[in-house]
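J.: Coordinates only, no sequence provided:
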DNA sequence: GCGGCTTCACATAATTTTAT
DNA sequence: ATAAAATTATGTGAAGCCGC
């Protein structure tokens, strides 16, 4: 029997129970189980403060099963102000993004959240501004972005602050304390690569720095280059940094000419981008040189997950994007749940900076045959 | 004074009804 | 005609009631 309140609301008039819609609601479950809607809610959510006996609980669950009831997320969100959905922004043509997404997805499933993919290339949607609208529309609870390493877009950061949207960047804002982010310790990755090469008896490496677009050197590249210079200094070697535009085969030919002319034992090469490997290996092959046999080669990122599929497999520092994604999602969701039901108060100035705004990830060594 | 439950109020935004 | 209030969808949770 419906309670008096529900009767007054006219929800069970007419005995036959004709409702405005034929969707199953918590009201139907409550009626079937002989309880109020609040109890149905409590059973579903384990609401503290509302006790439910074992029999009642079973009756409710039974009714839910029988009726095939599912919570109306729209209505729930109306009350709680929470959508249990986060937006992930990045370029879907970028394999790194997909790797990060893999981890994000895992974390979200585990924590009961959903992912809304916001392709960055859909400029039609108004760029990233559309993300903020999604938040205002209560469709999402927070935002993750995969940025190019070291990106520091103050305008966007300001916009997220203005909108008071929980936000976390993967790879962006490494030096911006105010913006929570997940970053990579690129310096450490270079040092670790050095250690590995050294442990295998390699000589001090040249640094081949590939780049694709003109403009200011990115933070990540600066970190790596400086780490290389620092390491060479430490080991008393002469640093040799060769910058090569991606796809510039002639520059690669020139490099090999120079390097072979220089002599001095087996060449050792440290490469910033895996994507630069192809040309390097192709030209080496033309000269009958094989990585691991005639020269040492190591990449500082494996961003396309290709290294281990090459022959010989190329040693590299693997950037753990999936794990970074997982961590990012976990931390963003922790932000959301740390202040229950108070999205209007985020972020409160005092909380502005608890520790752990940044998470530093270390690249993992992939010990390929090339060193 | 507590477990187990109900009641009541309220969340949103468009639409409809009632009051001025 | 215009403004104000109620109603609609449905779920949540603080407050309150009942019986032991």
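T.: Looks like it came in fine. Worth saying up front: this structure is predicted, and the values here are computed from it rather than measured.

J.: how long is stretch A:310-320 end to end?
T.: 19 Å (CA to CA, to the nearest Å).

J.: Cross-check the contact I'm expecting between residue A:205 and residue A:296.
T.: Yes - with contacts counted by CB atoms under 8 Å, residue A:205 reaches residue A:296, the gap being 7.1 Å. Yep, even glycine has a C-beta here, placed from its N, CA and C like the rest.

J.: secondary structure class for residue A:86?
T.: strand (DSSP: H, G, I helix; E, B strand; the rest coil).

J.: err, residue A:289, not the other one
T.: What three-state DSSP gives for residue A:289 is coil.

J.: ditto for residue A:333
T.: Once three-state DSSP is applied, residue A:333 turns out helix.

J.: hang on, it packs against residue A:110?
T.: No - counting by CB under 8 Å, residue A:110 is not a contact partner of residue A:333; they are 9.5 Å apart.

J.: ok so, going back, need the overlap of contacts for residue A:205 and residue A:296.
T.: Residues touching both residue A:205 and residue A:296 (CB atoms under 8 Å, 6 or more residues apart in numbering) are A:197, A:268, A:269.

J.: In strands, which of the residues you listed fall?
T.: A:268, A:269 (DSSP state E).

J.: Which stretches in chain A count as strands?
T.: Ranges of strands in chain A, per DSSP E, are A:85-90, A:114-119, A:142-146, A:167-170, A:181-184, A:206-211, A:241-245, A:268-271, A:296-299, A:315-318, A:358-361, A:364-366.

J.: Switch those over to CSV; also include distance to residue A:158, mean pLDDT and mean neighbour count.
T.: What follows is the strands of chain A, written out as CSV (distance: least, CB to CB, whole Å; pLDDT from 0 to 100; neighbours: other CB atoms under 10 Å):
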stretch, distance to residue A:158, mean pLDDT, mean neighbour count
strand A:85-90, 17, 93, 24
strand A:114-119, 19, 90, 16
strand A:142-146, 14, 94, 26
strand A:167-170, 11, 94, 28
strand A:181-184, 15, 94, 25
strand A:206-211, 29, 96, 22
strand A:241-245, 33, 95, 16
strand A:268-271, 37, 97, 24
strand A:296-299, 36, 95, 27
strand A:315-318, 34, 92, 25
strand A:358-361, 19, 90, 16
strand A:364-366, 35, 91, 16
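
J.: What residues does the closest residue to residue A:330 other than its chain neighbours make contact with?
T.: Spatial nearest neighbour of residue A:330, excluding adjacent residues (CB to CB, 6 or more residues apart in numbering): residue A:107 at 4.9 Å. Residues near residue A:107 by CB under 8 Å, 6+ apart: A:113, A:325, A:326, A:327, A:329, A:330, A:333.

J.: Tell me the spacing between residue A:107 and DNA strand C.
T.: 22 Å (CB to the nearest atom of the strand, to the nearest Å).

J.: where does chain A have low pLDDT?
T.: A:1-22, A:121-126, A:303-308, A:339-356 (pLDDT under 70).

J.: ok, and the closest non-adjacent residue to the residue nearest the centre of it?
T.: Central residue of chain A (CA atoms, centre = their mean): residue A:325, 2.9 Å from the mean position. Among residues not flanking residue A:325 along the chain, residue A:103 sits closest, at 3.1 Å (CB to CB, 6+ apart).

J.: can I assume the one you found is in contact with residue A:330?
T.: No - using CB under 8 Å, residue A:103 is not in contact with residue A:330, being 9.3 Å away.

J.: List the residues that contact whichever residue of chain A sits closest to DNA strand C.
T.: Relative to DNA strand C, the nearest point of chain A is residue A:26 (3.0 Å; CB to the nearest atom of the strand). By CB under 8 Å, 6+ apart, the contact set of residue A:26 is A:37, A:40, A:41, A:69, A:71.

J.: now, which of those lie close to DNA strand B?
T.: By CB under 7 Å from any atom of the strand, the members of the contacts of residue A:26 lying near DNA strand B are residue A:37.

J.: Can you tell me which of the contacts of residue A:26 has the most neighbours?
T.: Tallying neighbours with other CB atoms under 10 Å puts residue A:40 at the head of the contacts of residue A:26, with 26 neighbours.

J.: quick one on the thing from earlier: restrict the contacts of residue A:107 to those near DNA strand B?
T.: Checking the contacts of residue A:107 against DNA strand B (CB under 7 Å from any atom of the strand), there are no matches.
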